[in-house]
Structure formats: C-alpha cells, structure tokens
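S.K.: Next come a sequence and a model predicted from it.
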Amino acid sequence: MEQPYVVVVGGVNIDICGKAFEPLIPCDSNPGSVRMSMGGVGRNIAHNLSLLGQKVYLLTALGEDDYADDIRANCALNGIDLTYACTVPEGRTSTYVYLAGPDGDMALAVCDNEIARFVTPGYLEDCLPVLNGAAAVVIDTNLSEDAVVWLGRNVTAPLFADAVSVAKAKKLRPILDRLHTVKPNRLEAEALCGIRVRDEAGVRAAADALLTSIPQEKETGYLKNYKAKLKTAFDPTGKQASEFEMYIGPNNYRLLQHIEDKSQFGKDLDLQQLVYLGWPLFRYINRFFTIYVFDWLTSWGFSMGVVLILITLLLKAITFPMVKKSYMSSAKMRVLKPKLDEATKQYDKPEDAMQKQQAMMQMYSQYGVSPLSGCLPMLIQMPIWIAMFNYVPNAIQLR
C-alpha cells in the first residue's frame, strides 16, 4: 500500500540577502556580507512537512539555470519530491534579492517571480491524478488567480491555503467554500471577509464569516450564501412564549436607528454601534455632523461621487479660516525671521539662552505673532478629517 502523501502547490525561490556593515549609502558600493538560501512559501511548507516525516510532492515551476539545479539538489537533500515540477525552457528561476542595513532591517528588495505564471490550469490538469490522490493539498497565493480558482474547483482532496499577503489573499475569495483550512493573519483575514479585526470580538466575527460565507457561482443572481447558528433561552414547558426579532439588512446607520426605536425589547440595543464611526470624538463628529450632511445631500438625488465632492468642498469651506490663519502665521514668521536673527545674534553663548528667549518673545509680542498660531489651527481641524476617514469606508451607501 502506497504511503500517504501531501502535495504542495506554490512558489520556490532563491533568497539572496546583502547586509551592509555600516549604514547604507545610496548609489554607492557598500561593504557587507551576502548570503544565499532557499525560500518560497510553498517550498518552506514542503520542507516542514518533510521534517515531520511526511512524504511530500512540490508542484512548482523552475527555470533552466544554475539556481534551478541548486533548488533540485536542496529539495532532494530535504526529502521534497520534485518529480512533477515543470521546467520552463530558458526560464529564470524565481529569485528574491534584498538589501539590509547593519540592524538587519530591509531597505530595498526586488522579487523576480515571473515564472509562477507557468503554473497554469493546463499544467495542473496534467497533475490532477496526483493531486486527487493526496491526503491533503496545500496551496499558496503566489500562484495566479486562474490557477488558484482551478485548484479550488477541481481538487477533491482536502485543500489547505496560505494567504501569503493582503494583496494575494483576495485570490482565495472565489474558493473559500472549497477550502478545508485557510491560514490568514489579521490583515489578510480583513481582506478576505471585509470585517475589521481589532479585538477578540473582531477575530471571532471574522472567523465566523470565513466559516459561513460561501461565494456563489457567477450568473446565479446571488453573491454569497450565509449560514448562522443562534442560541437563546426558552421555557421547555411551553408555558411562556419565546419571542424573537430578526433584522436582515444593510448596516445603514439611520435604518439601524429606526429598527431600534421600533423594537419591543427596549431602546438600549445600540444597533448603531454595528457601523464603526471611529473613536468617541470622531464618532460624535460623524454622528451629529457628517451623517446629517450626507443624508441631506443624498436627498437631492446626487450620485455618491458628487456627494463626496460636495462634502469635501464643504469641509474645505469650514476649515478655510483655520487654514488661512495657519498660512498667515507661517507667512509672518518667514517675514519676521531676519529681524529675529538680527535681534538675537548678540546672544550666541550658551549662558545667554534665557536672554535670547526673552528677546524672541518680545519680538513675537511686538508683531502679534505666536509660535503656536501656525500649528494650532491645523491641529483643530485634524479631528474633522480623521472622522471623515473613518466614515467613508464604513458607509454602506459607498460600498
């Protein structure tokens, strides 16, 4: 009986790291150390599976170069079977080059991963017997979206996925219902399900969404199929009736407010909290200003693009006096600087710092200028713009 095996479909590349001994100098040769190692999400997963004693095949694309030979030798040494890997004639094996300063923090990187596009549905179809015969199939999103979707639609073995990054995680959306397990971090989970993950409640909500949100096929008339499990207390004797209220609809602030007002279970449900409007200060600005203005403008029948432009112009008009004051203060300071330099040039010793400061304050008072008058107006208007930053992505009308 053949030993159970796992198939990994993903990227493999050569990592080349240059670490400078001193802070990096742009446009110059920097002394340092250079090391080369094997990398790639798919290869790393396959390597760890092999270390656990699991037989593993790696489906990937390799070029016809020395790097491909190095990878084949390394995989053979580490128990990774490349029998079904494809070789691209005259292709460049995936390479990742990055430069780091003496502290090890990356300063610049270049990734040549063009060869991943040769992991096509056609190539995968040739490997389908191997894929479906596996105990599990693991994929990473360095593959093309066509390849990811094909795997989701055709592989019958349990399918595991590594989201890799926020941008690449979105490739998994069409096949979420076909995945046995997906491994996203916080930002990748947000990209997959559209739920903000900032605390434990957000983590649970995102996990529930990923477990129950099933994307539907195109042209069915439906976007997703949702399932929910609800728990409630009830009287098992049947002497007391159990009453339920259910709202299924958009996270519209006004609509949620109306639903709460009509609810028979009291007025403290705080349904509006489902619409995230920012921290308390920004929430108040959105609740008592932004939403009213937005509702008023949309009542005139303007499109959402026009509404956003009008709100921006309105905010510009509201903050104009503060911007003007800040600009005028900066202009006065520029004009006053030569006079300040002239008045304080005699106080050039460290022990004259107090006299220098007094002379500067006297000049400020004489010309009616305050050092804070440039910063304070800008600081006052910041909450308005931050409130808008929180409102726009969470307004259901703009999704």
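M.R.: Perfect, I can see it now.
S.K.: so what's P371 up against?
M.R.: 333, 364 (CB atoms under 8 Å, 6 or more residues apart in numbering). C-beta here means a position set from N, CA and C on the backbone, and glycine is covered the same way.
S.K.: What separation do you get for it and M354?
M.R.: Per CB to CB, to the nearest Å, P371 is found 17 Å from M354.
S.K.: Find the residue closest to the residue located most distally from the centre of the chain in space, skipping its chain neighbours.
M.R.: Taking CA atoms, centre = their mean as the measure, the residue most remote from the mean C-alpha position of the chain is Q346, 55.0 Å away. Nearest non-adjacent residue to Q346, counting by CB to CB, 6 or more residues apart in numbering: D352, 7.8 Å away.
S.K.: what's around that neighbour, how many residues?
M.R.: Each residue near D352 was counted by other CB atoms under 10 Å, and the total is 13.
S.K.: One more: M333?
M.R.: Neighbour tally, M333, other CB under 10 Å: 17.
S.K.: Show the backbone phi and psi for it.
M.R.: Backbone torsions of M333, given as degrees, to the nearest 10, read phi -70, psi -40.
S.K.: ditto for F160
M.R.: As for F160, its main-chain torsions (degrees, to the nearest 10) stand at phi -110, psi 150.
S.K.: how near is it to H180?
M.R.: From F160 across to H180, the span is 6 Å (CB to CB).
S.K.: hey, what's in contact with both of these two?
M.R.: A136.
S.K.: between those two, which one's more packed in?
M.R.: F160 (18 against 12).
S.K.: re earlier: on the three-state scheme, the residue nearest to Q346 is what?
M.R.: For D352, the assignment made with DSSP: H, G, I helix; E, B strand; the rest coil gives helix.
S.K.: distance of it from D126?
M.R.: 83 Å.
S.K.: Mind checking the pLDDT average for the strand or helix carrying L376?
M.R.: Using DSSP states H and E, L376 sits in helix 375-391. For helix 375-391, mean pLDDT is 85.
S.K.: Buried residues in it, which are they?
M.R.: Across helix 375-391, burial judged by 16 or more other CB atoms under 10 Å covers 377, 381, 384, 387-388, 390-391.
S.K.: now stretch 10-22
M.R.: 10-20.
S.K.: Out of those, which is nearest to P236?
M.R.: Distance to P236, by CB to CB, is smallest for G10 among those, at 52.1 Å.
S.K.: contacting residues around that closest one?
M.R.: 40-43, 45, 58-60, 138-140, 142-143, 162.
S.K.: if you set the cut-off to 7 Å instead, what comes out?
M.R.: G10 makes contacts with 40-42, 45, 60, 139-140, 142-143, as judged by CB atoms under 7 Å, 6 or more residues apart in numbering.
S.K.: V56 now?
M.R.: 5-6, 8, 46, 49-50, 80-81.
S.K.: Next: L255.
M.R.: By CB under 7 Å, 6+ apart, L255 lies in contact with G249.
S.K.: where exactly do the helices run in the stretch 201-350 of the chain?
M.R.: Taking DSSP state H, counting those that start in this stretch, the helices of the stretch 201-350 of the chain run over residues 253-262, 280-285, 291-298, 304-344.
S.K.: between the ones you listed, which one is nearest to V148?
M.R.: Closest among the helices of the stretch 201-350 of the chain, using CB to CB: helix 304-344, at 31.9 Å.
S.K.: how close does V138 get to A359?
M.R.: The spacing between V138 and A359, counted by CB to CB, is 71 Å.
S.K.: Of those two, which one has the most company?
M.R.: Shown here are V138 and A359; by other CB under 10 Å, V138 has more neighbours (25 against 17).
S.K.: And whatever helix or strand the more buried one lives in, what does it pack against?
M.R.: Here V138 sits within strand 136-140, counting by DSSP H and E. Strand 136-140 sits against strand 5-9, helix 41-51, strand 159-162, with contacts defined as 3 or more CB pairs under 7 Å, 6 or more residues apart in numbering; DSSP states H and E.
S.K.: got these as CSV, with distance to K316 and mean pLDDT columns?
M.R.: Shown next, in CSV, are the helices and strands packed on strand 136-140 (distance: least, CB to CB, whole Å; pLDDT from 0 to 100):
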stretch, distance to K316, mean pLDDT
strand 5-9, 51, 97
helix 41-51, 46, 95
strand 159-162, 45, 96
